[in-house]
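Colleague: Starting from these lines, generate the structure:
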Amino acid sequence: MKVLNFYSQVFADQLRHGRKTATIRLGDKSRKYERNDLVLVTIGFKHSPRERIFEAVIDDVEVKRLGELSPRDIEHDNPEFRRVDDLMAFLQQIYDRPVSIDDPVTIVRFSQIAERAMDIEDRLRGTGGARN
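Modeller: Residues are numbered from 1 along each chain as shown. Predicted coordinates for the structure are as follows:
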């Protein structure tokens, strides 16, 4: 199984509540992630313990130039952003290098896999727990 890892704990809540349904990675990752791949979504740093968030299926993988991203593409990656400039600054911080609007990026869209559809609805509402 492949892993789709995120470094920031900020994303854990967004992932768990279905607000983050894509990731935008610098470079062409279309050979690494393919449609219908099963992935384990995790949070943590390299060479450190990681937290399992959920399993997911890759819905779509698309390569574009950073400057071609739509506000919707960006919002699915980070609900706090809408503009390419915001995402570009974030990518520069994550990758620790200059990033331009001409750089290729890969949009990886994914959907959480739940044991039962009702489990997802319960999580989104903040209900659930033990059942009698």
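Colleague: So what touches the top helix by length along the chain?
Modeller: Counting residues, the longest helix found in the chain (DSSP state H) is helix 84-95. Contacts of helix 84-95 with the rest of the structure, by CB atoms under 8 Å, 6 or more residues apart in numbering, involve 7, 24, 26, 66-67, 69, 74, 77-78, 80-81, 98-101, 105. Bear in mind the C-beta positions are built from the backbone N, C-alpha and C, glycine included.
Colleague: switch the cut-off to 6 Å
Modeller: Residues from elsewhere that reach helix 84-95 (CB atoms under 6 Å, 6 or more residues apart in numbering): Leu26, Leu69, Ile74, Phe81, Val99.
Colleague: Spatially nearest residue to the second one (excluding sequence neighbours)?
Modeller: So the one you mean is Leu69. Leaving aside its sequence neighbours, Leu69 sits nearest to Val84 (CB to CB, 6 or more residues apart in numbering; 5.8 Å).
Colleague: quick one on the thing from earlier: tell me which two of the contacts of helix 84-95 sit farthest apart.
Modeller: Pairwise distances across the contacts of helix 84-95 (CB to CB) peak at 15.1 Å, for the pair Leu26 and Phe81.
Colleague: Report pLDDT for the most centrally placed residue in the chain.
Modeller: Geometric centre of the chain, nearest residue: Thr23, 3.4 Å, by CA atoms, centre = their mean. At Thr23, the model reports a pLDDT of 96.
Colleague: And the strands in the chain?
Modeller: Applying DSSP state E to the chain gives strands spanning 2-6, 22-26, 38-43, 51-65, 104-113.
Colleague: Between those strands, which one is closest to Ala12.
Modeller: Of all the strands of the chain, strand 38-43 sits nearest to Ala12, with 5.1 Å by CB to CB.
Colleague: what helices or strands is that closest one leaning on?
Modeller: Of the remaining helices and strands, those touching strand 38-43 by 3 or more CB pairs under 6 Å, 6 or more residues apart in numbering; DSSP states H and E are strand 2-6, strand 51-65.
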